[in-house]
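Participant: Generate a structure from the sequence data that follows.
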Amino acid sequence: MDTAGAGARHGEPAVLPNRLSAPAATHLPRVGWRRLSQGLIAGLALIALADGSLGLQALADDDGHDHGSQTGGSGGSGGSFHPIFQIPRTRGPYEVWLSDQANTQGFSALTPNGGYGGKIRIYDSADLKGNYPINNPFILDVSTDLFPNALETTLAEVSRLHGIRPSPDSRYMALNFVASGHLGIVDGDTKKPVCLFRTTGTITGRQNHMTFWNPKGNSLIVANQGGRILERIDVVRNPAGNVQEFVFNANASLDFVGGPGRITSQPIAVAMDSGGSVGCRVEGTVADNQPSLTPSGTNKQDSTNRPLNTVICPIPSSNGRHTFATLGGGGMFVVDHEVTPMAIVADYDKTVMAAAGCGGVEGKGYMHMNTGTSAPNASEFTIYRFGLDYPSASGLSTPTTTNSPLPIAVWKDPQNGQTLPGNNRDAHGMVVLGDELHAFDRVRNKVEVFALQAPWDVMEPSYSYDLTTTEACGSTLGAATDNDPTPDLGDISPDGDTIYMALRGPYPLTVTHAASGSCPGLGIIRRDPLTKQWQLTNVLPSSVLDYTDTKNLSDPHDVVVRRNTSYIEVPGPLPAAGAAMALAWSRRLRRRLGDRRG
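Facilitator: Numbers count the residues shown, from 1 in each chain. Here you go, the predicted model:
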């Protein structure tokens with residue numbers, strides 16, 4: 001990857017001179033002045049075009065692999081993108097990061113769908129705002145651009161980019177790889193890698209389904225899904241608040257199964273910052289033979305109450321102390337993640353919390369969780385509201401009680417548990433907009449909206465909307481359906497007027513029984529100013545072609561909004577604006593030259 005080019009597009013704004021020195025203007029002959037003026041006009045117009053139309057053209061070639069001819073860089077299509085066109089200008093106050101799980105490396109006749117890799121598409125808000133958003137993302141290949149030495153240093157290539165989470169200050173981005181068990185840390189400003197971790201290995205595997213930042217910014221909570229362990233990376237800062245180290249605290253890991261012979265390999269840390277300003281290391285050892293009972297005296301995992309303790313989504317609460325960790329086979333643990341080792345302070349079984357919950361978002365002082373379908377042809381759409389008043393681990397002076405305290409409110413779709421081929425329900429992504437909770441259904445392309453207001457012990461949808469009504473979603477290569485958005489995870493613009501949503505593709509790599517869609521890419525959902533109804537207004541398509549160029553393998557899973565910490569408001573990069581600026585400088589120089597000659 002041309003790191004200079006990558007930093008240029010998202011670095012400091014271009015700085016133009018505010019004047020030329022008097023001697024330079026005095027000694028220019030008339031013909032020389034004319035050529036300089038013409039050159040200045042052409043140069044500034046080219047800069048404007050480069051950040052606009054030329055950059056757009058270069059990034060439009062997004063086929064994903066180029067059949068083995070990739071050379072890295074940001075274009076992701078065999079080096080078709082030329083970093084010279086990445087102008088050092090930050091045009092918008094925020095960015096939208098889209099994770100694509102599709103493989104981008106290892107394509108051959110024998111492996112037509114590739115073997116590893118993935119893409120990050122980074123959209124500038126200046127391109128997204130307005131009636132006609134521009135599909136002009138900055139693209140990073142997670143293998144060639146970010147972690148090219150993953151196999152050498154961690155014994156596995158990075159694979160299946162499942163999600164991205166920004167730090168509370170938006171400086172760092174956590175990249176989660178569900179197949180290979182990696183966690184990558186990337187500097188949000190420079191787009192350069194900082195750390196690469198790999199989770200603990202157990203007899204049931206090692207993964208990283210999702211990682212969430214503690215709202216305090218002092219740790220990351222890692223869902224080692226296959227390993228059935230909750231893990232923690234500590235963020236060490238200097239007195240000024242700048243990050244000094246990311247430390248995989250192996251002593252903090254909490255085994256959700258327990259018992260002897262579980263741990264097969266320890267976590268790995270690799271420092272990627274060539275400047276050495278941020279360290280990355282493992283501290284301690286993940287303990288084997290951890291307790292197999294919860295504080296209530298029940299088995300952490302058993303065939304009756306919690307049959308499969310794969311960690312799905314660990315959602316930290318705003319108090320910065322507790323994590324709500326959902327389980328693959330049903331149930332949930334509330335964990336005190338501040339202590340070492342981390343500790344369960346409340347446990348729930350599958351009679352309270354159904355299987356495979358992943359949506360989790362806090363709003364109005366309550367934690368909202370959901371559960372969706374966990375198997376083919378099984379309908380499941382449930383929303384839970386929990387309180388936040390849980391004790392710290394040090395405050396557990398007496399044994400707890402299973403399933404206590406119960407959720408404050410629960411809403412279950414009447415068709416839950418039914419077999420409805422082609423028409424099941426699957427609750428997954430959720431966002432909070434003001435006084436509303438929007439809960440997305442991957443199968444029916446429907447959004448249920450719940451009012452966040454009293455009475456808090458009652459939950460009923462206040463209204464719903466359908467993402468297919470505008471027909472903004474079409475189809476793509478290999479898709480068996482049309483106008484099938486299949487929304488997954490999403491986020492909200494800082495001004496609260498737009499929902500950005502990852503839309504799945506026709507060849508989903510995770511949750512294949514519920515996540516097949518027809519228009520992979522970035523979905524833009526806005527509220528109609530007249531009807532006040534939310535609707536899918538635009539889809540910015542994404543593409544990763546297979547080896548035969550007959551299937552679009554792109555499979556976006558997560559979208560997050562990152563506030564642009566290096567943003568400085570500057571004029572937009574329209575060619576006309578560039579030409580006008582050049583003309584203004586040209587006239588000023590001519591006047592100055594005339595004054596000195598007169």
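Participant: Endpoint to endpoint, stretch 122-137 covers what distance?
Facilitator: 5 Å (C-alpha to C-alpha, to the nearest Å).
Participant: Give the buried residues for that stretch.
Facilitator: 122-129, 133, 135-137 (16 or more other C-beta atoms under 10 Å). Every residue, glycine included, has its C-beta placed from N, CA and C.
Participant: So what's the gap between it and the chain middle?
Facilitator: 17 Å (C-alpha atoms, centre = their mean, to the nearest Å).
Participant: picking up where we left off before, out of the buried residues of stretch 122-137, which comes closest to residue 176?
Facilitator: Sorting these by distance to residue 176 puts residue 122 at the head of the list, at 16.5 Å, by C-beta to C-beta.
Participant: which residues touch that closest one?
Facilitator: If you count contacts by C-beta atoms under 8 Å, 6 or more residues apart in numbering, residue 122 has them with 10, 95-98, 137-140, 191.
Participant: ok, it to residue 253 distance?
Facilitator: According to C-beta to C-beta, to the nearest Å, residue 122 and residue 253 sit 32 Å apart.
Participant: Equivalent analysis for residue 280, please.
Facilitator: Separation of residue 280 from residue 253 (C-beta to C-beta): 17 Å.
Participant: the more surrounded of those two?
Facilitator: residue 253 (27 against 21; other C-beta atoms under 10 Å).
Participant: looking at it, the more buried one is touching residue 283, isn't it?
Facilitator: No: contact criterion C-beta atoms under 8 Å: residue 253 and residue 283 do not qualify, at 11.3 Å.
Participant: Could you pull out the helices in the protein for me?
Facilitator: Here the chain has its helices, by DSSP state H, at 3-9, 22-26, 30-49, 55-60, 125-128, 150-154, 575-597.
Participant: and the first one, average pLDDT?
Facilitator: Put plainly, it is helix 3-9. Mean pLDDT, helix 3-9: 33.
Participant: Under the pLDDT cut-off, which ranges of the chain? List them.
Facilitator: Applying pLDDT under 70 to the chain flags the ranges 1-90, 568-598.
Participant: one more time with 50, if that's ok
Facilitator: The model of the chain has pLDDT under 50 over residues 1-31, 33, 40-41, 44-61, 63-89, 571-583, 585-586, 589, 592-593, 595-598.
Participant: Near residue 354, how many other residues are there?
Facilitator: With neighbours defined by other C-beta under 10 Å, the count for residue 354 comes to 24.
Participant: Also the one 10 residues further on?
Facilitator: Applying other C-beta under 10 Å, we find 15 other residues in the vicinity of residue 364.
Participant: check contacts around the closest residue to residue 169 other than its chain neighbours.
Facilitator: Distances taken as C-beta to C-beta, 6 or more residues apart in numbering put residue 217 closest to residue 169, at 6.3 Å, once the chain neighbours are dropped. Counting by C-beta under 8 Å, 6+ apart, residue 217 makes contact with 167-169, 235.
Participant: try residue 437
Facilitator: Residues in contact with residue 437 (C-beta under 8 Å, 6+ apart) are 361, 363, 368, 383, 430-431, 449-452.
Participant: Same check on residue 378?
Facilitator: By C-beta under 8 Å, 6+ apart, the residues touching residue 378 are 417, 419, 424.
Participant: Buried ones among those?
Facilitator: residue 424.
Participant: out of the contacts of residue 378, who's nearest residue 525?
Facilitator: For the contacts of residue 378, the residue nearest residue 525 by C-beta to C-beta is residue 424; the value is 22.3 Å.
Participant: which ones are touching that closest one?
Facilitator: 373, 377-380, 418, 443-444, 514.
Participant: which one of those is nearest residue 342?
Facilitator: If you rank the contacts of residue 424 by distance to residue 342 using C-beta to C-beta, residue 380 comes first, at 28.6 Å.
Participant: Need the buried residues of stretch 122-137 in a markdown table (columns: distance to residue 276).
Facilitator: Formatted as a markdown table, the buried residues of stretch 122-137 follow (distance: C-beta to C-beta, whole Å):
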| residue | distance to residue 276 |
| --- | --- |
| 122 | 26 |
| 123 | 31 |
| 124 | 30 |
| 125 | 32 |
| 126 | 34 |
| 127 | 34 |
| 128 | 36 |
| 129 | 38 |
| 133 | 39 |
| 135 | 37 |
| 136 | 34 |
| 137 | 30 |
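Participant: quick one: contacts for the spatially closest residue to residue 163 that is not a sequence neighbour?
Facilitator: Excluding its sequence neighbours, the residue lying closest to residue 163 (C-beta to C-beta, 6+ apart) is residue 558, at 4.0 Å. By C-beta under 8 Å, 6+ apart, the contact set of residue 558 is 98-99, 162-164, 488-489, 502.
Participant: could you dump those to a markdown table with distance to residue 394 and neighbour count?
Facilitator: Converted to a markdown table, the contacts of residue 558 look like this (distance: C-beta to C-beta, whole Å; neighbours: other C-beta atoms under 10 Å):
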| residue | distance to residue 394 | neighbour count |
| --- | --- | --- |
| 98 | 41 | 29 |
| 99 | 37 | 27 |
| 162 | 34 | 25 |
| 163 | 32 | 26 |
| 164 | 34 | 25 |
| 488 | 38 | 28 |
| 489 | 34 | 25 |
| 502 | 39 | 28 |
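Participant: Redo those residues as CSV? Include distance to residue 276.
Facilitator: Formatted as CSV, the contacts of residue 558 follow (distance: C-beta to C-beta, whole Å):
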residue, distance to residue 276
98, 31
99, 28
162, 29
163, 28
164, 25
488, 37
489, 34
502, 35
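Participant: Please tell me how far the residue most central in space within the chain sits from residue 230.
Facilitator: Nearest to the geometric centre of the chain sits residue 164, at 2.7 Å (C-alpha atoms, centre = their mean). Here residue 164 is placed at a distance of 20 Å from residue 230 (C-beta to C-beta).
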